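Enquirer: Sequence unavailable; structure follows:
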């Protein structure tokens, strides 16, 4: 069974990135669709119903059952902040939780798959072009005083100014393991948890036991399905049609929707007039060739295959996710 027991590196508190934005960051570095592995050893899967120019907000994929919505992601980020605050309080240090300025509207446009295939919404394209940050709330808190040396020890679980290459203090992949690990750091007569309060907050929420499945496991499967879909002959064909349509609209040399901003030099002003004009043409071409409908059907087929292959691990992940929600309810 393909499980991960946790993340062994020392990340800071995981940011509560909206699912659509997190996927956009991965897709931004995607390779040429023709270079992907396609169907792999299984060949190209049969397709179910192919929707016609579906709205991004209406898209539903098999792995959605195992991934948080943007609102749920924000909520779990707040729970992690609360666990961090409680840990710091055990040592007598206040911690101001970071909160989104507008939790209800912090996700921007509707739909967790808004940017899965690049710009798709005509209204958003006409108003904001390719500016994915439009309409999103920002985490805000009053300026905080610098942490004292003792507070920093509790927060991070490591002493400042350590020599480069020096051995890191011990960490733990999960809370069961953490109970047996001595961090070697005491503050106010109390032992600091391995990795500090930042790591404790993460472990309590996402890795409480040795069999905890990695938080990003379903996202990894979704990314794998997307990579496979990019090499599918049906996606390759619709991309050629989209590219030809974009060339007729005055935007030649584009192979896929993920390179539009970079190739057209829109990074500096993704919501400006030039970007809006390009985005409107982009969306129109996608609708003309039914890129979203065809690619969605292909994506669904590859996700279904991976869900079947990873059914045992996904079932465990889903149970652990439900446990996180119960913990969140207790802390609310």
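Expert: That came through fine. What you see is a predicted model, and the numbers here were worked out from it, not measured in a lab.

Enquirer: From residue 215, how far off is the residue located most distally from the centre of the chain?
Expert: Largest separation from the mean C-alpha position in the chain: residue 189, at 38.8 Å (CA atoms, centre = their mean). Distance check for residue 189 against residue 215: by CB to CB, to the nearest Å, it reads 33 Å. (C-beta placed from N, C-alpha, C; glycine too.)

Enquirer: returning to that earlier point: and the residue farthest from the centre of the chain, what are its phi and psi?
Expert: phi 80, psi 0 (degrees, to the nearest 10).

Enquirer: Now for residue 75, how many residues are close by?
Expert: Here the number of neighbours of residue 75 (other CB atoms under 10 Å) works out to 17.

Enquirer: can you check residue 234 too?
Expert: 16.

Enquirer: Check the one 4 residues further on too.
Expert: The burial metric for residue 238, expressed as a neighbour count using other CB under 10 Å, is 20.

Enquirer: give the contact list for it.
Expert: Residues near residue 238 by CB atoms under 8 Å, 6 or more residues apart in numbering: 289, 290, 291, 294, 295.

Enquirer: Wait, the first one touches residue 243, no?
Expert: So that's residue 289. No - assessed by CB atoms under 8 Å, residue 289 is found out of contact with residue 243, at 9.4 Å.

Enquirer: Residue 317 and residue 219 touch, don't they?
Expert: No - Residue 317 lies out of contact with residue 219 (CB under 8 Å); the separation is 10.9 Å.

Enquirer: out of those two, which sits in the busier spot?
Expert: residue 317 (22 against 18).

Enquirer: so the more buried one is in which element?
Expert: Using DSSP states H and E, residue 317 sits in helix 311-331.

Enquirer: that older thread, let's have the contacts of residue 238 in TSV, adding pLDDT.
Expert: Formatted as TSV, these follow (pLDDT from 0 to 100):
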residue	pLDDT
289	98
290	98
291	98
294	98
295	98
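
Enquirer: how about the residues you listed in a markdown table, adding distance to residue 98?
Expert: Below are the contacts of residue 238 laid out as a markdown table (distance: CB to CB, whole Å):
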| residue | distance to residue 98 |
| --- | --- |
| 289 | 43 |
| 290 | 42 |
| 291 | 38 |
| 294 | 41 |
| 295 | 36 |
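
Enquirer: got these as TSV, with neighbour count columns?
Expert: Listed next are the contacts of residue 238 as TSV, based on neighbours: other CB atoms under 10 Å:
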residue	neighbour count
289	20
290	19
291	25
294	22
295	25
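
Enquirer: Can you tell me which of those residues end up in strands?
Expert: Here DSSP state E is the test, and these give no hits in strands at all.

Enquirer: Could you point out which of these is nearest to residue 123?
Expert: Nearest to residue 123 among the contacts of residue 238, counting by CB to CB, is residue 291 at 17.9 Å.

Enquirer: low-scoring pLDDT stretches of the stretch 151-300 of the chain, where are they?
Expert: Across the stretch 151-300 of the chain, the ranges flagged by pLDDT under 70 are 161-167.

Enquirer: Could I get the full set of helices for it?
Expert: 175-178, 196-206, 217-230, 233-248, 260-263, 273-289, 291-309 (DSSP state H, counting those that start in this stretch).

Enquirer: Residue 326 is nearest to which of the ones you listed?
Expert: Closest of the helices of the stretch 151-300 of the chain to residue 326 is helix 196-206, at 11.5 Å (criterion: CB to CB).

Enquirer: centre of the chain versus the closest one, how much separation?
Expert: Using CA atoms, centre = their mean, to the nearest Å, the distance from the centre of helix 196-206 to the centre of the chain it belongs to is 19 Å.

Enquirer: what does stretch 171-189 give?
Expert: 28 Å.

Enquirer: List the contacts of residue 129.
Expert: Contacts for residue 129 (CB under 8 Å, 6+ apart) come out as 119, 266, 270, 271, 272, 275, 276, 278, 279.

Enquirer: which residues does the fourth one contact?
Expert: When you say that, I think you mean residue 271. Applying CB under 8 Å, 6+ apart, the residues contacting residue 271 are 128, 129, 130, 131, 134.

Enquirer: one more time with 6 Å, if that's ok
Expert: Taking CB atoms under 6 Å, 6 or more residues apart in numbering, we find residue 271 in contact with 128, 129, 131.

Enquirer: Let me know the closest of those to residue 184.
Expert: Closest to residue 184 out of these is residue 131 (47.3 Å), distances taken as CB to CB.

Enquirer: Is that closest one in a helix, a strand, or coil?
Expert: Under the three-state scheme (DSSP: H, G, I helix; E, B strand; the rest coil), residue 131 adopts coil.

Enquirer: Would you agree it is in contact with residue 272?
Expert: No - counting by CB atoms under 6 Å, residue 131 does not reach residue 272; the two are 8.5 Å apart.

Enquirer: quick one: which of the two has more around it?
Expert: Using other CB under 10 Å, the more surrounded residue of residue 131 and residue 272 is residue 131, with 20 against 14.

Enquirer: Give me the pLDDT for the more buried one.
Expert: What the model reports as pLDDT for residue 131 is 95.

Enquirer: Having no further points to raise, I will conclude here.
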